[in-house]
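S.K.: sequence unknown, structure follows:
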């Protein structure tokens with residue numbers, strides 16, 4: 001009896017151990033699966049949080065380093081937490097591949113890059129005798145809408161005696177601080193600095209925050225008449241075009257005019273070389289390669305004698321009002337390695353040109369009238385931009401009449417105009433230019449003659465040229 005009882009108790013005890021052991025093993029696996037599923041994904045957002053604490057340390061370290069400006073990408077690397085989670089997950093999957101589905105593969109986040117800036121040599125603006133400060137403009141190119149600011153509370157200045165002092169950063173701010181880069185990434189920050197070797201920390205911040213802000217130490221040699229960044233890596237600033245330009249000019253003109261006068265049985269010729277030639281222009285620049293131009297030219301003059309004819313009205317004028325659009329999408333290089341742009345120029349011009357007409361008093365008495373011509377123009381436009389504030393441009397356009405005034409009707413043979421110009425960027429938005437302009441018209445006409453009281457036909461050839469000195473303001 002006792003033997004049977006012992007056997008029975010042993011059997012029950014063995015049966016009880018088996019379900020308890022299986023339950024414990026299953027519970028352990030479930031906990032591991034839950035732990036793996038609950039682990040947070042390693043995303044760009046979590047990386048941003050992890051790096052946010054280190055940004056200020058990196059920027060401060062850079063601002064103290066005094067190194068020349070350069071662009072350095074962040075070293076690549078994976079998150080230690082992500083690697084650990086991936087290893088734990090792989091271990092769990094190997095233990096029970098059928099009971100628990102594998103967790104999703106963790107994505108590797110790319111490390112963020114630093115905000116890069118291409119710096120240009122600064123522009124000297126002026127010297128203030130009262131504050132003993134030099135006003136300058138530091139320019140560069142970075143990502144669109146990035147913010148540029150002074151990246152410290154104090155600025156180190158080393159004078160001629162090599163003594164180091166510091167000035168409050170706020171005392172160096174220009175009229176606007178911080179500044180934002182435009183859609184092309186270009187920016188200009190104005191500063192007022194003392195003379196000496198100035199270590200200016202400038203901070204560049206990307207607008208989206210996806211790139212790490214970076215502080216650049218720029219070593220500026222500041223004097224009363226110039227400012228230079230002491231680094232071979234900093235290029236000269238390319239010529240920058242402001243949105244608006246207003247120009248005015250005066251110059252000499254030359255007019256050579258030849259016209260058949262069938263009723264008089266001869267050709268009449270006018271030659272005039274005098275001044276002033278009056279010029280005005282307004283420009284809107286969409287970007288450095290596209291602009292809209294509105295031009296006005298007035299060339300008044302008079303002719304005292306025409307061989308074989310008597311002038312009843314010797315004064316004349318050639319007036320041109322034009323609007324055109326220029327687009328130069330093709331990039332070129334000049335023989336001096338200057339950047340250039342080539343493209344087309346299209347527009348409409350209204351001309352008021354001289355025309356010799358008999359007055360009706362006699363066959364040899366004539367007057368100079370003005371007749372309107374509306375011309376369509378199309379041609380090429382070439383421009384080269386030098387890095388030392390110079391620029392050169394040339395264009396040539398064919399012209400075709402769209403409408404003619406009441407004095408005569410015309411049939412065009414050939415007409416064109418062209419120009420050569422040299423521009424120089426001055427300070428504070430001002431610019432100067434010397435420009436040559438030439439125009440040639442050759443056409444046949446039909447005119448109602450006041451003497452014979454009938455329509456007569458003839459030909460007219462005009463060459464018109466100006467040489468002007470111009471002054472412009474850009475803003």
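M.R.: Everything's here; your move. What you see is a predicted model; the values in this text were computed from it and never measured.
S.K.: measure the residue nearest to residue 194 when sequence neighbours are not counted to residue 268 for me?
M.R.: Setting aside the residues directly before and after it, residue 194 is nearest to residue 157 in space (C-beta to C-beta, 6 or more residues apart in numbering), at 5.5 Å. Every C-beta, even on glycine, is put in place using the N, C-alpha and C of the backbone. Look at residue 157 and residue 268: by C-beta to C-beta, to the nearest Å, they are 74 Å apart.
S.K.: and if you look at residue 145?
M.R.: Relative to residue 268, and taking C-beta to C-beta, residue 145 is found at 64 Å.
S.K.: higher neighbour count, the two?
M.R.: Remark: of residue 145 and residue 268, residue 268 carries more neighbours, 21 against 14, as counted by other C-beta atoms under 10 Å.
S.K.: what strand or helix carries the more buried one?
M.R.: Using DSSP states H and E, residue 268 sits in strand 266-287.
S.K.: mean confidence for that strand?
M.R.: The pLDDT scores in strand 266-287 average 84.
S.K.: for stretch 344-352, same thing?
M.R.: Mean pLDDT, stretch 344-352: 94.
S.K.: in it, what's buried?
M.R.: Buried residues in stretch 344-352, counted by 16 or more other C-beta atoms under 10 Å: 344, 345, 347, 349, 351, 352.
S.K.: ok, stretch 192-210 next?
M.R.: Under 16+ other C-beta under 10 Å, the buried positions of stretch 192-210 are 192-206.
S.K.: with stretch 393-401 instead?
M.R.: 393, 395, 396, 397, 399, 401.
S.K.: show residues contacting it.
M.R.: Stretch 393-401 is contacted by residues 326, 345, 347, 349, 373-384, 410, 412, 415-421, 423, 441, 443 when judged by C-beta atoms under 8 Å, 6 or more residues apart in numbering.
S.K.: make a ChimeraX selection of whichever of those residues turn out to be buried.
M.R.: A single ChimeraX command is used to select the members of these judged buried by 16+ other C-beta under 10 Å:
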select :326,345,347,349,373,375,377,379,380,381,382,383,384,410,415,417,419,421,423,441,443
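S.K.: now, the contacts of stretch 393-401 that are in strands?
M.R.: Among the contacts of stretch 393-401, the members found in strands (DSSP state E) are 326, 345, 347, 349, 373-384, 410, 412, 415-421, 423, 441, 443.
S.K.: who's residue 166 bridged to?
M.R.: residue 156 (DSSP bridges).
S.K.: tell me the contacts of it?
M.R.: Counted by C-beta under 8 Å, 6+ apart, residue 166 has contacts 154, 155, 156, 157.
S.K.: hang on, the last one packs against residue 171?
M.R.: No - under the criterion of C-beta atoms under 8 Å, residue 157 lies out of contact with residue 171, with a separation of 11.3 Å.
S.K.: of these two, who's got more company?
M.R.: The neighbour count for residue 157 versus residue 171, taken as other C-beta under 10 Å, is higher for residue 157 (21 against 13).
S.K.: quick one: the more buried one from residue 175, how far?
M.R.: Taken as C-beta to C-beta, the span from residue 157 to residue 175 is 22 Å.
S.K.: next: residue 201.
M.R.: For residue 201, the distance to residue 175 (C-beta to C-beta) stands at 20 Å.
S.K.: skipping adjacent residues, who's closest to residue 189 in space?
M.R.: Take residue 189 and drop its neighbours on the chain: the residue closest to it by C-beta to C-beta, 6+ apart is residue 179, 4.7 Å away.
S.K.: next one: residue 243
M.R.: Counting by C-beta to C-beta, 6+ apart, residue 285 is the residue found nearest to residue 243 once chain neighbours are left out, at 5.6 Å.
S.K.: kindly report the same for residue 248.
M.R.: Leaving out its chain neighbours, the residue that sits closest to residue 248 by C-beta to C-beta, 6+ apart is residue 280, at 5.3 Å.
S.K.: quick one: that neighbour and residue 295 touch, right?
M.R.: Yes - with contacts counted by C-beta under 8 Å, residue 280 reaches residue 295, the gap being 7.3 Å.
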